[in-house]
Structure formats: C-alpha cells, structure tokens
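Novice: Got a sequence here, can you build the structure:
(chains A and B)
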Amino acid sequence: MKFLNKIINADIIVCTAFIFLLIWALSNIELNLDLVDPIGKALDTFQVTDLVYTALRDDPAPDKEITMVNIGNLDRGGIAALLNSLNKHEPAVVGIDVRFFRDKTNFYRENGIENQDSLLELAFANTKNLVLATKLEEFNETTGQWDSLSNPIPRFRQYANGAFVNVITAENDFRVNRKITPIDFVKDSMQTFFPVVISKLYSKDKTQKFMSRMKNQLLIANKKNKEINEPDEDEKLLETIYYRGNINNFYGETDHFGNKDAFNKIDFQEGIEGTFDPKLVEGKICILGYMGETIKNDKYWDEDKFYTPLNKKFAGKSFPDMYGVVVHANIVSMILNETYVEILDPQINFIVNIIICILNVMLFAFVFHGMKLWWDGLSVVIALGEMIFLYFISLVCFEYYRIEVDVNYSVAFIFLLGNLLELYYEYAKPGLRWTLGKLSPMGSYK
Amino acid sequence: MQKFTKFIKKLFLNDYVYCALFVFALLWLITIIPINKELTEPFAEALGDFEITDLGFTVLRAKEDKADTNIVIVNTSRMGNAELAAMINQLNQYQPAVIGINEVLHQSGDYFTDSILVSALSNTKELVFAAKLKDFNDSTRQWQAIEHSDSIFMNFPHEITSVRYAEVGLENMFTHERDFKTTRHFYSKANYRGEEMKFFASELAEILAPEKVEKFMKRANEYEVINYIGNYDKFTTLDANQVLNGEFDPSSIKGKIVIMGYLGESLQDEKFWDDFKYYTPMNKNYAGKTFPDMFETVIYANIASQILNDDHIYVVSDDLDLIINIVICLINVILFSALFHAAAVWWDIFSIIFTLIEIIVLELGTAFVFSRYGIEVNLNPSIVFVLVLGQFIELYYGLFKVAIQKLTVKYMIANEAEKRMKLKKSMKNTSKSVLDDLRNIKLEVPKINTDLNQ
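Specialist: From the prediction side, this is the model:
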C-alpha cells in the first residue's frame, strides 16, 4: 500500500493532466504541411492492421461455399443463358451484382433485336433464392437517410429479393474499402446490404447472429421510428470487413490457375457452355458480377475495382486490387464463417489508453528522478521500444483475435512524453508551486 | 606545421565528428536489421518514388511556365486507318514542319483503306514514326528487339519513292506501363543491335532545329531528366474530330511539330485510368494514391519542347552530392549539439521545431534550385539525417557518451587501484625483505685480543 501510495501520487496525476493539456493545445495548432509532407501523403490511407493482411497472416483456406461467376461484358441475353446453365445444377442462392434499372424493350424493338429482357425474365423466374442489386440514391445530410432507391425493373424485381450494393467508398476514390453499412434507410424504410441478404437466404441463423451484433437494436428501432432526427456519425451502423482473400490478384498473392483463390470461380464462357465442375454450383452461393473481360484477364486497373487492405502496395501509388463483387463475397464469407472484426469499445479503448499513459508517466518520472544522468538517452530508448511494442500488440490482437485496438493515442503520448515531462518538472511544477504559494493565505505552499 | 596538426586534430578528433559517426553508424545499423521485407518494402518504395524536385513542379512553378506553341498535339482517339489518313491529309494542307506518329500502325486487311493511309503518309513532307525497343541486354548494352508499324506504312512503294523514308524514333522511357513509378527520365539515345537510335522527340526536334539537337546530343548523357512544362493545356491540342472537320486555326499548324497519338476517346471524355497514361512529377498528389496524370504523347511533347528550348536539367554528380550531404550533416551535428547543451530543458521542443523548419527549408530549397536554375541535387540523405538527428543526439550525449565516460572512469579507477595495490604489495614485499635482510645480518664483532700477557 505504501508502495502504491508512493508511486501513484498527486504529482503523477497533475503531471499527466499537464501533458494531456499540452498535447491538446499542440493538436489545435493548425499547420498545413500538406505541400511538403510526402510521408504523410504516402501513408494517407494506411492502417497498421493492413500489415496483417499483406505480410503477417497465412492465407486463410478458400471458402468453397461461394462461387464467383464473371459475367464479363455479356448482354442481358448472355446473362440469361449463363443463369439457365447455372440453374441446371441448383445453386442454393444466386446474387447478381448488376444494375437492371432500365427497361430495354423499346431499344431492342427499335434495333430489331430479339427482346433479351424476356429471356432474362424467364431465367429469373426459374431461379431460386435470387438477389438483385438496388441502389441507394441521393443521401440527405439533414435526415441522415437516403432520398430514393433505384430498383430493377418490375418484371425482374418480382422474382427477386432486392438489396442495395452501395459501398462506403465511392468509385474513383482512393480510400481503402474497410467498412460497410449492413442496413440503411430510404425515407424510413429499412434496406439491407446485398451480401447480408445473400447470407440470410443461405443461413438464417448465422445472419441473425451477425445482425444482432448491430450496435444496438434499439438504435435501429429508433431510426425506424424517426426518433433520431440527426444521427451522429458514431451512431452509424458500421461493420469492419474481414477479408478472406481475392481472386486473380494483380499483386500476385493469388494466381490465375492455382488454388490460392479465396473462392471458387467460373468464367462466363465456361458458364454458358456448361464446361464447369457442377460441384462448384450445387448447393453453393453463386455471385454473378463483372470481374474483367475474362476472369483470367489480370487487368491492373479497372473502373469496377476498389482498394482493399489486401493491397500489397499499401503505401504510395498503387492500382486498385479487388472487384466490387469480390468485396461482396468476402462479406458473405465473413458472415457465414462468423469471422467478424471486433472493435474495442471506444470507452474501453479510452480507459486502456489512459491507463497506458499514466503508467508511462510513472515510469518516465521514475527514470527522470532516479537516473538523471541517463535520462536523455534512456527516455528515447524506452519511448521507441514502447511504441514498437504497442504496435506489435495491436497486430497480435488483430491477427489472432481479429480485434482492432487503436493504440495511436498512446503512441502519440509516449512520443511526446519525454519532452513534456521534462518541461513539467523543470518549469511547470515550480511555477505551479510559486503561484499556489502566492495565492495561499498561509503565504507558502508545500 | 605544429599549428596545422593541431588544427587537423581539432577538426577531426572532436565530439562533433564522433557524434556524426555515431549517427551514421546507428542509421547503418537500422538498415541491416533483418525485418520481413513485405512489411518494409511498400514504405521504402512509396518514399523512394518521391523526389523533392517534384515539389518544384507541383508547388513552385506549376503556373509559371508558358505554353509552347511550336508543338501541336493531335488526339488520334481510336480512329481506324481511313480516318487517320483523312486527318493526316487535312493537316498536310497547312504544311506542318514534321508529323510524328506515336502509334503502331497495322494493316487493316482492307487494301483500299491501307492504300489511302500509305498515300497520306507519303504526302507528308517529314514523317517520324515512334518505335518501341525491347529486350535490353545488360552485358552488350544493346536492345535486341523492336516493335514498329507494319512495313507497308514505313517503306513506301516504288511509285512514290520521291518521298523520303520515314524515320523511326525511339520512344522508350524508363517507366513501364505497369509501373507505378513516376516518369522522370528518358534515354537520349539507344543502341539497337549496333545501330544508334535517337529518341522520338529528338528526331522531331531535329527537323525544326537541328542545331539544338546537336547541342543536346553533345551533352552525351545516357539519359536525361525531363523538364516538364505542363500537361496538354501547355500545347496546341486538337481532338480527332476537330482535325477531321477542319475546326482549327491553320496558322497553328504551319511550320510546327505535330505529334499524333492517343489522348483518350476524346479530350472532353478523359478517363481516370488509361493504359497510355503515366505518373509524372506534375501530379498534384505527389506521394499518395492517385490516378496517372499524363498521356504518353504529351510526355513526348514536353521532351521535344525541352530540346527546342535548350531547357535541360543539370544533374549534380554523385561525388559532389556526397560532399554536399556530408557538409550539411556535419553542420547539423554542430548546430544540434550546441542546441542540446544550450537549450537544456527546452531542447526537446526546440529540436522538434528546428527539425521541422530545416526539413521544410531543405525540401523547398532543393525544389527552388531545381525549378529556377534547372539544377538537380539529391538532398534526401541529409533530410533523413536531420529527421532522426534530434533523437540520436540525445542517445549520443545522454546514453552513449555517459556510458563511455562511466566505463572510462571505472577503468581508470580500477587501474589506479591496481597500481596502488601493486605498489602497496611491492612496498610490503620490500619492507619485508629489508627486515629479513636486517634480521639476517650477522654482526661480526671483531675479535678482541684479551690476552693481557701480549
């Protein structure tokens, strides 16, 4: 007890508060170093946990329950033929990430082409558990909801479940695709994300479990009942994607012909000709979408590709690495395998950070007072060692337990601690004593 | 002589030099730590692709450079051979000095169409085709293969031999299509199986100003730094339809270099990604994720402009670079050491501010010298040195030197103690032996004759 009292004393608390105050003041200084900060720019989209995906973890086993089907540049007639071919082998669920928002009957009539919409309608009618893409349109900042929903044309929609395909990262955006909104709202009507609907049709239990993770169901209800008019950014129902892998990746972690693809795959040609292994379709989830002109085409850039944490070139210039439809497959796989990413509750994260900071103030104060001669050198070594250790811990948490721990605050604190602690003991503390002494009615303060 | 020796000793055997050596040694140690390459390589590549001189283009002179009206860029879009022929015929009416074709032309299979194109090409006064060299042999320093247009377009039939053969210019740059690297250099000449070839843009410039090209070739550099003046807005640029419909000012063509090449479907409908687009130092986002910013043809226009205007970059030699960097590093060690001793408790704050200011000054200074005087000096080592110097100085004075001093004192004390011990021991031994000697001394008392009778 005596020992505890000795190390946790008012001095340590005041010192910690002083350092927090200084860091807060420093963080409020607006410095625009954008023009001369290449390191900051190069690492703009980088997160420490990306290292787990790109360098540390062993590739997870492929998810054989999901089959990716590339539609290439097929027209509606081609997609109908492909679908008919797949349907012969009774897939469990078919999700098509294509926007069928326009009725093309007139176009076919004017150009004297056979009405492909009818062929596609027929194919849809024969498909069990079909999910078609919808799109949330025009986000309303004031209500925090979307104003409208683009749907497949009614003749298609009648045979399908609709699910929105919007991802948080827009096309032509350089942000890395990390998070999703499993549900969203269009004028109070709740819409569900494309991979969530696919998962639900395949395994209701697993999807239920996933949905119950939503921050709190009350919030969903509240949103629905319009009780929350101005949703806070933090209250958005976000989930972090845990990526299993890619297919046909330009960066080489999977090859065209090897077994390293994270999912089964069928190209449109083999799909239409029926030359694929039927086991890839029987009872499986088939997700159809554009994955290049052919699936073996490793075009290194494409308008439909996104940046993901799997990108081997996580810093600086790089090409996007994953087709949008493969991102959906990763989400389905995450839901069905329950490989969610847990994010440490912000409050717990805050408390952990505070504890780390206080412990560090104690350690540094001990070195400052007890080993004065070595202080300058030791403070640098300890700070460096601790920063590396904290990042190491966050990597271990993510790799083995899929827990995202934000240690950035602690790292920033430790980086500045040595300098600020010296300031406190040499100037702030004597200054504080002097001021309190002046204010004290006793005339002196100890 | 004594004074000089003293000066040299003072210069090289002082704390600052030891401190600099300590910082260099630590930096070297960091580079040899065995770390998973997949962890570190992307960082190294990202930073390696950045050059401070890029700031010269993006920050200092982006708006300063004037347009070059001697060069006209024509977008060939995805036009077929017939349309290409029509475009060339249209341009030829206004007598360009030379037409450069940055396309690999293939026969369409339609004899009539191809003949029209051959005819259009043969009516061109001066014509330069771009060709791509392939398979570089490192040992012979020669290229082994070449990709160029079909020979029907390059070796004209006999009935129209009045027109000179088309020149083939080399179009290779350092960057490959799949590279993320920024295009900064071009080969000034190349050896294709023993035959010396000039760069595409040099061939074009030679027709307009041969003396400038001669001067350029005298520089005899294997490769040159591209001194960009800007994207296609810095040149007269025409879209395919504008040329076909004659919607351009004829005076903009007469006597000018016309470079025909792909600049997207149309100038208005520019894609973010394109196979023919490259990253250049003009890219506003100079270090992070970004779209490539310049079509290949526009890069060639920039190079042609650089040659025509004698606007070349002087690259400081590696030796001079090394000396400049060592001097900067030593000056910084002296400055930071002085600050460390003088600033006391304020050292940490001052060192951070000082580091920040100095890095900005070094970055902008390099960029300024590059953009204003066309001199490229590599101060990256100095910047890395300054970046870590504050912390390393603390390690040197606060840990390394203290440890050395402690060890030295300990050694001296131990040495002194040993000496004393030896002395004591020897003294003891001496005194003992003296005593023994004394003890052993037998006093020989002289015999005294006691015989009284004698």
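Novice: top helix in chain B by residue count?
Specialist: helix B:401-440 (DSSP state H).
Novice: any bit of that helix sitting next to chain A?
Specialist: Yes: for helix B:401-440, a contact with chain A is found by CB under 8 Å from any CB of the partner chain, at B:V402. Glycine gets a C-beta too; all of them are placed from N, C-alpha and C.
Novice: mind listing what's buried in that helix?
Specialist: B:401-402 (16 or more other CB atoms under 10 Å in any protein chain shown).
Novice: and if you look at stretch B:114-133?
Specialist: For stretch B:114-133, by 16+ other CB under 10 Å, it's B:114, B:116-118, B:120-122, B:124, B:126-131, B:133.
Novice: circling back: model confidence over the longest helix of chain B, on average?
Specialist: Averaged across helix B:401-440, the pLDDT comes to 81.
Novice: before we move on, back to that, what about the buried residues of stretch B:114-133, which are in helices?
Specialist: B:114, B:116-118, B:120-122.
Novice: what's the neighbour count on B:E247?
Specialist: 10 (other CB atoms under 10 Å in any protein chain shown).
Novice: go on, B:A20?
Specialist: Neighbour number of B:A20 under other CB under 10 Å is 21.
Novice: and if you look at B:D249?
Specialist: B:D249, neighbours per other CB under 10 Å, totals 10.
Novice: now swap in the one 5 residues further on and tell me
Specialist: Residue neighbour count, defined by other CB under 10 Å, stands at 12 for B:K254.
Novice: Could you do B:T182 as well?
Specialist: Around B:T182 there are 23 residues (other CB under 10 Å).
Novice: Could you double-check that it lies in contact with B:D49?
Specialist: Yes: at 5.9 Å, B:T182 counts as touching B:D49 under the criterion of CB atoms under 8 Å.
Novice: List the residues that are in contact with both of the two.
Specialist: Shared contacts of B:T182 and B:D49, defined by CB atoms under 8 Å, 6 or more residues apart in numbering or on different chains, are found at A:K317.
Novice: And the furthest pair within the buried residues of stretch B:114-133?
Specialist: B:I116 and B:L133 (29.6 Å; CB to CB).
Novice: and the stretch 151-300 of chain B, which residues reach chain A?
Specialist: B:178, B:180-182, B:271-273, B:279, B:285-291.
Novice: In ChimeraX, how would I select the buried members of the residues you listed?
Specialist: To isolate the buried ones among these in ChimeraX, judged by 16+ other CB under 10 Å, type:
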select /B:180,182,273,279,285,286,287,288,289,290,291
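Novice: out of the residues of the stretch 151-300 of chain B next to chain A, which are inside helices?
Specialist: Going by DSSP H, the helices hold none of these.
Novice: Out of the residues of the stretch 151-300 of chain B next to chain A, which is nearest to B:H312?
Specialist: Distances from B:H312 to those, taken by CB to CB, are shortest for B:T182, at 18.7 Å.
Novice: what pairs with that closest one across the strands?
Specialist: B:Y279 (DSSP bridges).
Novice: Now name the helix or strand holding the nearest residue to A:L56 once chain neighbours are set aside.
Specialist: Nearest non-adjacent residue to A:L56, counting by CB to CB, 6 or more residues apart in numbering or on different chains: A:E399, 5.6 Å away. A:E399 is located in helix A:375-401, with elements delineated by DSSP states H and E.
Novice: Show me the domain layout of the chain.
Specialist: Chain wasn't specified; assuming chain A. A:2-31+A:343-439, A:58-336 (automatic domain parsing).
Novice: think we crossed wires, I meant chain B
Specialist: Split into domains by automatic domain parsing, chain B comes to B:2-50+B:315-398, B:65-312.
Novice: got those as a markdown table, with mean pLDDT and distance to A:A80 columns?
Specialist: Output for these, formatted as a markdown table (pLDDT from 0 to 100; distance: least, CB to CB, whole Å):
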| stretch | mean pLDDT | distance to A:A80 |
| --- | --- | --- |
| domain B:2-50+B:315-398 | 83 | 44 |
| domain B:65-312 | 84 | 30 |
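Novice: can you tell which of those domains is closest to A:L51?
Specialist: domain B:2-50+B:315-398 (5.8 Å).
Novice: Between its first and last residues, how far does the closest one reach?
Specialist: Length of domain B:2-50+B:315-398, first residue to last, CA to CA, to the nearest Å: 34 Å.
Novice: Pull up the gap between whichever residue of the stretch 201-350 of chain B sits closest to chain A and A:V69, please.
Specialist: Going by CB to the nearest CB, chain A is nearest to B:D348 of the stretch 201-350 of chain B, at 3.1 Å. Distance, B:D348 to A:V69, using CB to CB, to the nearest Å: 60 Å.
Novice: who has more neighbours, those two?
Specialist: Between B:D348 and A:V69, counted using other CB under 10 Å, A:V69 has the larger neighbour count: 31 against 23.
Novice: quick one: pLDDT of the more buried one?
Specialist: 95.
Novice: these two touch, right, it and A:E270?
Specialist: No: contact criterion CB under 8 Å: A:V69 and A:E270 do not qualify, at 9.5 Å.
Novice: and the closest residue in space to B:R141 that isn't next to it in sequence, what helix or strand is that in?
Specialist: The spatial neighbour of B:R141 that comes closest, neighbours along the chain excluded (CB to CB, 6+ apart), is B:N191 at 6.2 Å. Using DSSP H and E, B:N191 sits within strand B:189-192.
Novice: Against which helices or strands is the next helix-or-strand element following that strand packed?
Specialist: The helix or strand immediately downstream of strand B:189-192 is strand B:195-198, counting by DSSP H and E. If contacts are counted by 3 or more CB pairs under 8 Å, 6 or more residues apart in numbering or on different chains; DSSP states H and E, strand B:195-198 sits against strand B:167-170, strand B:189-192.
Novice: Given the longest strand seen in chain B, what are its sheet partners and their directions?
Specialist: If you go by DSSP state E, chain B has its longest strand at strand B:127-137. Neighbouring strands of strand B:127-137 in its sheet, by DSSP bridges, are strand B:98-101 (parallel), strand B:142-147 (antiparallel), strand B:167-170 (parallel).
Novice: Could you check how far the second one is from the centre of its chain?
Specialist: In this case it means strand B:142-147. 26 Å (CA atoms, centre = their mean, to the nearest Å).
Novice: With stretch B:329-336 instead?
Specialist: 25 Å.
Novice: List the buried residues of it.
Specialist: Neighbour-count burial for stretch B:329-336 [16+ other CB under 10 Å]: B:329, B:332-333, B:336.
Novice: Same check on stretch B:252-260?
Specialist: Buried residues in stretch B:252-260 (16+ other CB under 10 Å): B:253, B:256-260.
Novice: now those residues as JSON lines including secondary structure and distance to B:G230?
Specialist: Below are these laid out as JSON lines (DSSP: H, G, I helix; E, B strand; the rest coil; distance: CB to CB, whole Å):
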{"residue": "B:I253", "secondary structure": "coil", "distance to B:G230": "21"}
{"residue": "B:K256", "secondary structure": "coil", "distance to B:G230": "17"}
{"residue": "B:I257", "secondary structure": "strand", "distance to B:G230": "16"}
{"residue": "B:V258", "secondary structure": "strand", "distance to B:G230": "18"}
{"residue": "B:I259", "secondary structure": "strand", "distance to B:G230": "15"}
{"residue": "B:M260", "secondary structure": "strand", "distance to B:G230": "20"}
